[in-house]
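S.K.: next input, structure requested:
(2 chains, ligands or ions: 1)
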Amino acid sequence: MSIIVFLEKEGSNIRNTSLEAISYGSELSKKVNAKVVCVVFGALESSEGEKTGLYGCDKLIHVNDQAFDQAVINVYAHALNDIMNNESGDIFITAQSALADPIAAKIAVLQNASIATNVSELPDLNTEFSVSRSIYSGKAFENLILASPKKIISIKRNAIGLIENQKSASIEISDLKLNPDLIDAEITGTDRTTGMILLPEADIVVSAGRGMKGPENWGMVEELAEELGAAIGCSKPVSDVGWRPHHEHVGQTGIKVAPNLYIAIGISGAIQHLAGVSSSKVIVVINNDPEAPFFKNADYGIVGDAFEVVPKLIEVIRQNK
Amino acid sequence: MKILVCITHVPDTTSKIAFSDNNTKFDSTNVQYIIGPYEDYAISKAVDLKSSNNAHVTVLNVGKSESDPSLRRALAIGADEAIRIDADPMDTFFVATQIASHVKGETYDLILMGRESIDFNGGIVHSLVGQMLGIPAFSPVMQLEINDSKVKMTREIEGGKEYLETSLPLIAGCQEPIAEWKIPNMRGIMTARTKPFEVVEAYDSETRSRNKNFELPKEKGGIQLIDPDEVEKLHELLRNEAKVI
Ligand SMILES: Cc1cc2nc3c(=O)[nH]c(=O)nc-3n(C[C@H](O)[C@H](O)[C@H](O)COP(=O)(O)OP(=O)(O)OC[C@H]3O[C@@H](n4cnc5c(N)ncnc54)[C@H](O)[C@@H]3O)c2cc1C
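M.R.: Numbers count the residues shown, from 1 in each chain, chains lettered A, B, ... in the order given. Predicted coordinates for the structure are as follows:
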């Protein structure tokens, strides 16, 4: 039996979240005694194969038909389903994303499998196969028993973190071709900020709210993010009025993040915002109102004016580089 | 054009979450229930399409009678008829099967849902139903334009947007800014009472997962406040104590 891990790319490199999915598959493989088979589509940097071995991949299937780089969900789902059949895959693992979750759902139907998304820990195999999932937008967890023989798992960022399990991933080039009959929509374009760290991928997130007063003041937020190698987030009203793009909106109705460090500047900490950040390991709050609810949900805080504190913080980071 | 909008009936976003019966049941004491915020977008979009594309809008919920106020509210916002499939929404797979079974007997051109329910956050019902029925499904959809049977969509992806073209029938998981949230007006509330509201029996379906129990997240250990004049101390703590930079 094998565990199939779907790897997503950024350009021709494997995303960090997918490397974590390999670690997850590899840790799980120790408990269920299975081979970890990873699958990647399209153009790939040549050193990336070795990297998958570092996190515990036994075999990397590289489907190198570059047509896959512009493919739609349905195409990937069926290709992965075929591979899962060929490799006697019983468990399918992916890191959560806008592409991966719908793929996972489609495979669950094709494989008659149980499915869990938003998974936040390794499965518990003691009595039955169960996973812990984040629910109520981060306000609680549920332990869910996956009852079917086949299981599909989509993991949240930082579910277990990156764990090294050195293996010598054998690389198999697959000549699987994209099946045009499966194209159910045409991707006519994409519009992405390039060169920026993706919010769901980031180890550090610098996020700012209405306390910034206007979009013209985001310079220092961007500078702080740059110094820390962080992604930028914002509160909902900020993206609602168009100060920042929608894909930076963090919270219950936006992106749920789980970085190692979340820095909230001029955000009051409304319950809907907190829901999206509660999985962060460490939270820092900078707000001039000592009564701001965010302080009750943070690890470190500075009660002060962001326009004074943030430039100082940037300065200190620069001095200590 | 026939539109189906599938809604959830979920705790208000400000609800404090607690569990009872040894952490096996959701404690609904003092909890206010609402239509999921993403489905509010779906209903609003459907109502917009009523005027622009002459659509007929059916709103559907898989749930018990507790959900009726949410269905009535959807009628008051502008849906034309409501259907409740009378069953406990036991797992994602079960709910998707109920919806797919209903859709099979009908001829919907467009099925709108929210991107995810805000209680169980599965975010996959649209894709499951799409795969079960062989209908294209996309989520989260931020923009949706329909011309005859041609569809143009904007979908959010990590760090940006993806533009898609396809044709009806289609399933879309909605999120902002697909439409402006609508609230019922007096006339809507009055006419809602006379609109068709049907309760149907659940279809035969299996579940594939089962809740074992719930847990609440660990509480934060309390905050350390740093003087705004000692910002370097924050840096020091983040580096040496928290070890995150
Ligand atoms: C259904 C629903 C869903 C929602 N989903 C989300 C969501 O996903 N994400 C989200 O963020 N919100 C969401 N909200 C909105 C949420 O309730 C709050 O309104 C929002 O988070 C507030 O944003 P904010 O903190 O930026 O603004 P405010 O609440 O206005 O807070 C601004 C803060 O800045 C501080 N401040 C002002 N000036 C300074 C200064 N010079 N220096 C330092 N601090 C300063 C103030 O003290 C204040 O605490 C949702 C609401 C609803 C009803």
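S.K.: can you pull out the strands in the stretch 201-321 of chain A?
M.R.: For the stretch 201-321 of chain A, strands defined by DSSP state E, counting those that start in this stretch occupy the ranges A:204-208, A:231-234, A:261-265, A:282-287, A:300-303.
S.K.: quick one, which of those is nearest to B:Asp80?
M.R.: strand A:231-234 (37.7 Å; CB to CB). Where you see a C-beta, it was placed from the backbone N, CA and C, and this is true even at glycine.
S.K.: which parts of chain B sit against the ligand?
M.R.: With CB under 6 Å from any ligand atom as the criterion, chain B comes near the ligand at residues B:Thr13, B:Pro37.
S.K.: which one's the longest strand in chain B?
M.R.: Using DSSP state E to define each element, chain B has its longest strand at strand B:137-147.
S.K.: count the residues that sit near residue 26.
M.R.: Going with chain A. 26 (other CB atoms under 10 Å in any protein chain shown).
S.K.: oops, I was thinking of chain B
M.R.: That count, for B:Phe26 with other CB under 10 Å as the rule, works out to 21.
S.K.: thought it was touching B:Asn213?
M.R.: No: B:Phe26 is beyond contact range of B:Asn213, at 11.3 Å (criterion: CB atoms under 8 Å).
S.K.: what do the two both touch?
M.R.: B:Phe19 (CB atoms under 8 Å, 6 or more residues apart in numbering or on different chains).
S.K.: low-confidence stretches in the stretch 201-321 of chain A?
M.R.: Applying pLDDT under 70 to the stretch 201-321 of chain A flags no residue at all.
S.K.: setting aside sequence neighbours, what's the nearest residue to the residue of it found nearest chain B?
M.R.: Closest residue of the stretch 201-321 of chain A to chain B, CB to the nearest CB: A:Gly304 (3.1 Å). Leaving aside its sequence neighbours, A:Gly304 sits nearest to B:Pro228 (CB to CB, 6 or more residues apart in numbering or on different chains; 3.1 Å).
S.K.: ditto for B:Pro177
M.R.: Nearest one to B:Pro177, counting by CB to CB, 6+ apart, is B:Met142 at 6.2 Å.
S.K.: check A:Glu172 too.
M.R.: A:Ile61 (5.2 Å).
S.K.: check the secondary structure at that neighbour for me.
M.R.: Using DSSP: H, G, I helix; E, B strand; the rest coil as the criterion, the local structure at A:Ile61 reads strand.
S.K.: what ranges does the chain have for its helices?
M.R.: In the absence of a named chain, this looks at chain A. A:16-32, A:48-54, A:73-86, A:100-111, A:219-228, A:236-240, A:271-275, A:306-319 (DSSP state H).
S.K.: wait, chain B was what I had in mind.
M.R.: B:37-53, B:68-77, B:92-104, B:125-133, B:186-192, B:231-236.
S.K.: and these as CSV, adding distance to A:Glu222?
M.R.: Below are those laid out as CSV (distance: least, CB to CB, whole Å):
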stretch, distance to A:Glu222
helix B:37-53, 29
helix B:68-77, 40
helix B:92-104, 39
helix B:125-133, 35
helix B:186-192, 44
helix B:231-236, 18
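S.K.: so which of these is the most packed in?
M.R.: helix B:125-133 (a mean of 26; mean count of other CB atoms under 10 Å in any protein chain shown).
S.K.: keeping just the C-alphas, turn that one into CSV.
M.R.: Output in CSV follows, covering the C-alpha atoms of helix B:125-133 (Å, rounded to 0.1, in the frame of the first residue of the first chain):
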residue,chain,number,x,y,z
VAL,B,125,-19.5,20.5,-0.7
HIS,B,126,-19.6,22.3,-4.1
SER,B,127,-16.8,20.1,-5.4
LEU,B,128,-18.3,16.9,-4.1
VAL,B,129,-21.7,17.7,-5.6
GLY,B,130,-20.0,18.7,-8.9
GLN,B,131,-18.1,15.5,-9.1
MET,B,132,-21.2,13.4,-8.2
LEU,B,133,-23.2,15.0,-11.0
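S.K.: summarise which helices and strands that helix is packed against.
M.R.: helix A:100-111, helix B:92-104, strand B:110-114, strand B:137-147, strand B:170-174 (3 or more CB pairs under 8 Å, 6 or more residues apart in numbering or on different chains; DSSP states H and E).
S.K.: one more time with 7 Å, if that's ok
M.R.: Judged by 3 or more CB pairs under 7 Å, 6 or more residues apart in numbering or on different chains; DSSP states H and E, the packing partners of helix B:125-133 are helix A:100-111, helix B:92-104, strand B:137-147, strand B:170-174.
S.K.: tell me what angle the last one forms with helix B:125-133.
M.R.: Taking axes from the mean of the first three to the mean of the last three CA atoms, to 10 degrees, one finds strand B:170-174 and helix B:125-133 inclined to each other by 170 degrees.
S.K.: residue 225: how many residues sit nearby?
M.R.: Assuming you mean chain A. With other CB under 10 Å as criterion, A:Ala225 counts 24.
S.K.: actually it's chain B I care about, not the one you picked
M.R.: Using other CB under 10 Å, B:Leu225 has 13 other residues around it.
S.K.: is it in a bridge, and if so with what?
M.R.: Counting by DSSP bridges, B:Leu225 is bridged to A:Gly301.
S.K.: that one contacts A:Ala298, doesn't it?
M.R.: No: contact criterion CB atoms under 7 Å: B:Leu225 and A:Ala298 do not qualify, at 9.5 Å.
S.K.: what sits against the closest residue to A:Ser154 other than its chain neighbours?
M.R.: Spatially, and ignoring its direct neighbours in sequence, A:Ser154 is nearest to A:Thr117 (4.2 Å; CB to CB, 6+ apart). Contacts of A:Thr117 were listed using CB atoms under 7 Å, 6 or more residues apart in numbering or on different chains, and they are A:Gln96, A:Asp101, A:Ala104, A:Ser154, B:Gly122, B:Gly123, B:Ile124.
S.K.: quick one: which of those is most hemmed in?
M.R.: B:Ile124 (30 neighbours).
S.K.: rewinding a little: can you put the helices of chain B in CSV and add mean pLDDT?
M.R.: As requested, the helices of chain B are arranged in CSV below (pLDDT from 0 to 100):
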stretch, mean pLDDT
helix B:37-53, 96
helix B:68-77, 98
helix B:92-104, 98
helix B:125-133, 98
helix B:186-192, 95
helix B:231-236, 96
